[in-house]
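[1] I would like the atomic coordinates for the input below:
(2 chains)
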2 protein chains.
Amino acid sequence: MVPPMTDVLAFIDANRDRFRSELDDFLRIPSVSAKTEHDGDTRQAAEWLAGKLRAAGMDAELLETTGHPIVLGEWRGAGPDAPTALVYGHYDVQPPEPLEEWDSPPFEPTERDGRIYARGSADDKGQLYMHVKALEAHLATTGTLPINVVVLAEGEEEVGSRNLVPFVEAHRERLACDLVLISDTEMFAQGLPSLLFSLRGLAYFEIEVRGASTDLHSGSYGGAVVNPGNALARIIASLHDEDGRVAVAGFYDDVVEWDAKTRAQIAALPHDDEAFRAELGVPTLVGEKGFGTLERLWIRPTCDVNGILCGYTGEGAKTVLPSRATAKVSFRLVPDQSPAKVGKLLEAHLARVTPPGARVELRELHGGRPWKASLSGPAFDAAAEALEEAFGTKPVPMGGGGSIPIVVEFEEKLHATALLIGFSLPGSNLHAPNEWFPIENYEKGIGALARLYQKLR
Amino acid sequence: MVPPMTDVLAFIDANRDRFRSELDDFLRIPSVSAKTEHDGDTRQAAEWLAGKLRAAGMDAELLETTGHPIVLGEWRGAGPDAPTALVYGHYDVQPPEPLEEWDSPPFEPTERDGRIYARGSADDKGQLYMHVKALEAHLATTGTLPINVVVLAEGEEEVGSRNLVPFVEAHRERLACDLVLISDTEMFAQGLPSLLFSLRGLAYFEIEVRGASTDLHSGSYGGAVVNPGNALARIIASLHDEDGRVAVAGFYDDVVEWDAKTRAQIAALPHDDEAFRAELGVPTLVGEKGFGTLERLWIRPTCDVNGILCGYTGEGAKTVLPSRATAKVSFRLVPDQSPAKVGKLLEAHLARVTPPGARVELRELHGGRPWKASLSGPAFDAAAEALEEAFGTKPVPMGGGGSIPIVVEFEEKLHATALLIGFSLPGSNLHAPNEWFPIENYEKGIGALARLYQKLR
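    So this is what the prediction gives:
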């Protein structure tokens, strides 16, 4: 039995204002997972969400972890022969600091220029809640869903998701599904719906270089003792060659060259290098020779300094010869690179390039594998149709420069296919002050997701 | 009339305990020039010193500057035909922080293992006060001094001496002298008195590299936008070649090669590379190829990172692509290099090596010219004799790796010769916790200086 889609969409239309005001309620809860003083708020957000899942007509409960609880919503009325989709999202948010840079309070959703400004509006409460409302529209209109649905919302995405993989492993049967649906990414541009074909992985390290056992006077000792600041600079400089390629031996061995069709699709996207350059405020764009900007961002690996600290960094001059220097250095990885192997290659590289007199230590801080989707198959086709119907434009394929390590884990542990449909927009200030989410995408997106659930049957 | 030296030395011997306890009083005054909350203490130290100069039998007054006052002591009873020596020192001290690393309170002088532990004991209150006591011994014993003496003690040496050169220029006639005596350096080793033949100059810069106008997400933008951290590392790495030489074009053009005799004297000093290495806690010593450790420290120029700050430097991982990176980079200079020229050369170097996409700014923070003494002449001979008589060993010539920019200024502005006789020891924790000064050097040094004044007649 196919529920009448017209009624579902009419319900969404009729409840537009309520859907908005409920999202505002969700956004008002400061569920900052990184801060213990917000532990109560974070739990409140989980309970609020579970309540809304129940109100929509699903079973829902909080499952405890050693950290913040996981919200699990379930509706299995479509029966064992119907497909099952697992919707993954997160109800926790990044800290809002620096507060003084927000034009309106981070936890008081404010509408300006067709956008909802609030922490978590785009990442990820707004996008997660669109699924809840799409599911409610089906259940309220027809008393049923086209497929079985499990909603899994965690509260630790912004602090490393350390309890999520163990949870998935411990609940493989309960979470069993055919498809994992994630809305935590962006569209290529306003009015241009998108489907993600890749995510880069991450290998994040701290490199510490030590010299003398204490800080020294640069006059009394300079010239005869290794300077960890200079040594660290040599090490970091050695990580790239003149063509902007990563100069760690073996780094490209596992990099998959993308097919001509994907590269042609990327080239066809309405991207303007000059506008991109101007928006960033840089004199020129740079990167690996032989690749365009979007390719550099999506299908090529990188090596970036995320931070350096060494010696005296206050005002004015202090003539210190520092005893240590540390850098955070991370690599974005593409299929089929692995963080573990990159760590080994980097370790060998450091052994080769560390200057005499310096001692180096490599610490692995974080890692995640890259992901590559197949842009074909019934789920992909269903999503493409649903997006085209809702937005009036065929979706474009796009890559993701960032990393969502859990995507690969879901696919492997649950033997399911992941489908990433994002609705936020470039420049929406994720993890920064004045995060925003476009109201048009929130409203059209609920309709798109309602259509998608229907088409996945 | 030559005063009877035996009586002067007997006076010093008889007043040993009082000289020690007066120094303790001086050290108890927390004259931290860098901190406004110590402005009163700093002035109190100046007044205390002026009082002791008067008690010794000299005229003394405080002369105001826009900062801390200058203490000027004068005795011109030797007449216009006798030589005049200007004794330069400073009564201000470095901040004592970190306090928790002191084994005894920084401003409560404590004797341990034949050392006086206190902030300023070596740098420079202890050494400055030895001159005051040597002068007192002459005046108390004979009612006169062998030569005319001006004592100039400033209170801003630890904060850049910004009022000193203008003061010297404004008082050229009053400060007119034949010889500038400075005790603010060290002996080569315990029991081995030393005379300084050089000081390195300093050219201290801040290099700022800017990329995008704001911090970016390293996943969303990494690979297509310049990373100021990586760019800064390339710039710093480019400052040296593989032989440990500074790779800035033209940098060595003005470097004077030292004569074979001085290099032989350096080579003859009782220096032990292995002990030096072990004390510093480094696996191996490094530096410019073709030179020994002491040469690298004294007669060769350097380039050292003093600090680097970029991006995220807290605990754990943050995937930020920083918008800026700054480094403090300083060069120690040798005759006849000049800070101004090195600044120009560095600017040209940066223009050549700054990676595309990055914008670089060079700020000059501090500069001082190098100094080279002639190790001959009557003043040098007088000092050598005085030191040998007091310590029982001929003094050795040594270089100074650090910078005392005022030395060259005194020589030029007053047309005088500078003589640097230091009594602290290597490793005495200048500018660090647990600063100390050897009691033996304090006591023998007062006798050496009393002899020196006598021999300068």
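[2] show me what from the stretch 301-450 of chain A comes close to chain B.
    The stretch 301-450 of chain A comes close to chain B at residues A:301-313, A:316-322, A:325-328, A:330, A:332, A:355-357, A:359, A:365-366, A:400-403, A:426, A:430-432, as judged by CB under 8 Å from any CB of the partner chain. (Glycine included, C-beta is placed from N, CA and C.)
[3] repeat that for 7 Å
    Neighbours of chain B within the stretch 301-450 of chain A, by CB under 7 Å from any CB of the partner chain: A:302, A:304-313, A:316-322, A:325, A:328, A:330, A:332, A:356-357, A:359, A:365-366, A:401-403, A:430-431.
[4] from these, which would you call buried?
    Buried members of these, counted by 16 or more other CB atoms under 10 Å in any protein chain shown: A:302, A:304-313, A:317-322, A:325, A:328, A:330, A:332, A:357, A:359, A:365-366, A:401-403, A:430-431.
[5] of these, which belong to strands?
    Taking DSSP state E, the ones among those that sit in strands are A:302, A:304-311, A:320-321, A:325, A:328, A:330, A:332, A:359, A:365-366.
[6] wait, A:Gly191 touches A:Gly392, no?
    No. In this structure, A:Gly191 is not within contact of A:Gly392 by CB atoms under 7 Å, at 8.2 Å.
[7] show me what from the stretch 1-150 of chain A comes close to chain B.
    Where proximity means CB under 7 Å from any CB, the stretch 1-150 of chain A presents no interface facing chain B.
[8] can you list the strands that the worst-scoring helix or strand of chain A on mean pLDDT pairs with?
    Across the helices and strands of chain A, mean pLDDT, DSSP states H and E gives its lowest value to strand A:216-217, namely a mean of 91. In the sheet, strand A:216-217 lines up against strand A:320-321 (antiparallel) (DSSP bridges).
[9] give me the distance from the strand it pairs with to the chain's centre.
    40 Å (CA atoms, centre = their mean, to the nearest Å).
[10] one more: stretch A:143-161?
    16 Å.
[11] may I see the buried residues of it?
    So, applying 16+ other CB under 10 Å, buried residues of stretch A:143-161: A:145-161.
[12] strands - which of those land there?
    Cross-referencing the buried residues of stretch A:143-161 against strands under DSSP E gives A:148-154.
[13] make a markdown table out of those and add pLDDT.
    Below are those laid out as a markdown table (pLDDT from 0 to 100):
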| residue | pLDDT |
| --- | --- |
| A:Asn148 | 98 |
| A:Val149 | 98 |
| A:Val150 | 98 |
| A:Val151 | 98 |
| A:Leu152 | 98 |
| A:Ala153 | 98 |
| A:Glu154 | 98 |
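[14] quick revisit: neighbour count winner among A:Gly191 and A:Gly392?
    Taking neighbours as other CB atoms under 10 Å in any protein chain shown, A:Gly191 and A:Gly392 compare with A:Gly191 leading, 14 against 10.
[15] enumerate every residue touching the more buried one.
    If a contact means CB atoms under 7 Å, 6 or more residues apart in numbering or on different chains, then A:Gly191 has A:391, A:393 as its contacts.
[16] cutoff 10 Å now
    By CB atoms under 10 Å, 6 or more residues apart in numbering or on different chains, the residues touching A:Gly191 are A:391-393, A:425, A:438, A:440-441, A:444.
[17] out of these, who's the most crowded?
    With neighbours taken as other CB under 10 Å, the top of the contacts of A:Gly191 is A:Asn441, carrying 28 neighbours.
[18] grab the nearest non-local neighbour of that residue.
    In this structure, A:Asn441 finds its nearest non-sequential neighbour in A:Phe423, 4.3 Å apart by CB to CB, 6 or more residues apart in numbering or on different chains.
[19] just checking, A:Gly401 touches A:Asp304?
    No. The pair A:Gly401 and A:Asp304 does not pass the contact test of CB atoms under 10 Å, sitting 11.1 Å apart.
[20] overlap in contacts, those two.
    Residues touching both A:Gly401 and A:Asp304 by CB under 10 Å, 6+ apart: A:332, B:218-219, B:221-223.
[21] list the contacts of the closest residue to A:Pro426 other than its chain neighbours.
    Distances taken as CB to CB, 6+ apart put A:Glu186 closest to A:Pro426, at 5.9 Å, once the chain neighbours are dropped. The contact partners of A:Glu186, by CB under 10 Å, 6+ apart, come to A:122-123, A:127, A:194, A:196, A:398, A:400, A:402, A:422-428, A:430, A:441, B:220.
[22] ok, A:Pro270 next?
    Taking CB under 10 Å, 6+ apart, one finds A:188-189, A:192, A:396 in contact with A:Pro270.
[23] between those, which has the most around it?
    With neighbours taken as other CB under 10 Å, the top of the contacts of A:Pro270 is A:Phe188, carrying 22 neighbours.
[24] quick one: pLDDT of it?
    pLDDT for A:Phe188: 96.
[25] tell me the contacts of it?
    Applying CB under 10 Å, 6+ apart, the residues near A:Phe188 are A:194-196, A:269-271, A:294, A:395-399, A:422, A:425-426.
[26] those residues in helices, which ones?
    The helices, defined by DSSP state H, take in A:Leu294 from those.
[27] any idea which of the contacts of A:Phe188 has the most stuff around it?
    Tallying neighbours with other CB under 10 Å puts A:Met398 at the head of the contacts of A:Phe188, with 27 neighbours.
[28] write down the beta-bridge partners of that residue, one by one.
    With DSSP bridges as the rule, A:Met398 is bridged to A:Leu196.
[29] give me the element A:Gln265 is part of.
    For A:Gln265, the host element (DSSP states H and E) is helix A:260-268.
[30] does that helix come close to chain B?
    No. Using CB under 10 Å from any CB of the partner chain, helix A:260-268 stays clear of chain B, coming no nearer than 12.8 Å.
[31] average pLDDT across that helix?
    Here the average pLDDT along helix A:260-268 is 93.
[32] contacts for the very next helix or strand once past it, please.
    Going down the chain from helix A:260-268, the next helix or strand is helix A:273-280, by DSSP H and E. By CB under 10 Å, 6+ apart, the residues outside helix A:273-280 that reach it are A:272, A:282-285, A:292-294, A:297, A:426-427, B:211-214, B:216, B:221, B:224-226, B:323, B:357.
[33] that'll do, ta.
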